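*Asks:* Return a 3D structure for these sequence lines:
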Amino acid sequence: QVQLVESGGGLVQAGGSLRLSCAASGRTFSTYTLGWFRQAPGKEREFVAAISWSSGSTYDADSVKGRFTISRDNAKNTVYLQMNNLKPEDTAIYYCAAVLAIATKAFGVPDAYDYWGQGTQVTVSS
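*Replies:* Predicted coordinates:
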């Protein structure tokens, strides 16, 4: 049973930083892809970033390029999302997701992921 537990959300002023963590358990994740998505009230779930656990290759949404960085710690089975220069439009619930096998072109598709965490709230004040 795959479990994903997010943490690190909170309230921050515009221009500030937060680091989200996603602790993964229940599998050997060496061949998984892990992604971060977010969902603001009244909006669809949106891709933020993904990382291939085996290669370390990363993929970012255009809206966060240059501000957010996804990374992993193999020893801790944890994926991070470092968020810098936060903007009010980044306010959302952030979710961690995992999938065993996925085509690169599907990294940004929520339905392609099999496992989801419960989410962590990020609020950016102006």
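*Asks:* can you give me the strands in this protein?
*Replies:* 3-7, 10-13, 18-25, 33-39, 46-52, 58-60, 68-73, 78-83, 92-99, 115-116, 120-125 (DSSP state E).
*Asks:* now the third one against strand 68-73, angle please.
*Replies:* When you say that, I think you mean strand 18-25. 30 degrees (axes from the mean of the first three to the mean of the last three C-alpha atoms, to 10 degrees).
*Asks:* For strand 18-25, give me every contacting residue.
*Replies:* 2-10, 12, 32, 34, 36, 76-83, 86, 94, 96, 98, 117, 120, 122 (C-beta atoms under 8 Å, 6 or more residues apart in numbering). (Each C-beta comes from the backbone N, C-alpha and C, glycine too.)
*Asks:* With the last one instead?
*Replies:* For strand 120-125, the external contacting residues (C-beta under 8 Å, 6+ apart) are 6-14, 16, 18, 20, 38, 83, 86-94.
*Asks:* Using PyMOL, define a selection of the buried residues within these.
*Replies:* Restricted to buried positions by 16 or more other C-beta atoms under 10 Å, the PyMOL selection for those reads:
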select buried, resi 6+8+9+12+18+20+38+83+86+90+91+92+93+94
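*Asks:* how about the nearest residue to the residue nearest the centre of the chain, chain neighbours excluded?
*Replies:* Closest to where the C-alpha atoms of the chain average out (C-alpha atoms, centre = their mean) is residue 36, at 1.9 Å. The shortest distance from residue 36 to any non-neighbouring residue, by C-beta to C-beta, 6 or more residues apart in numbering, is to residue 48 (4.2 Å).
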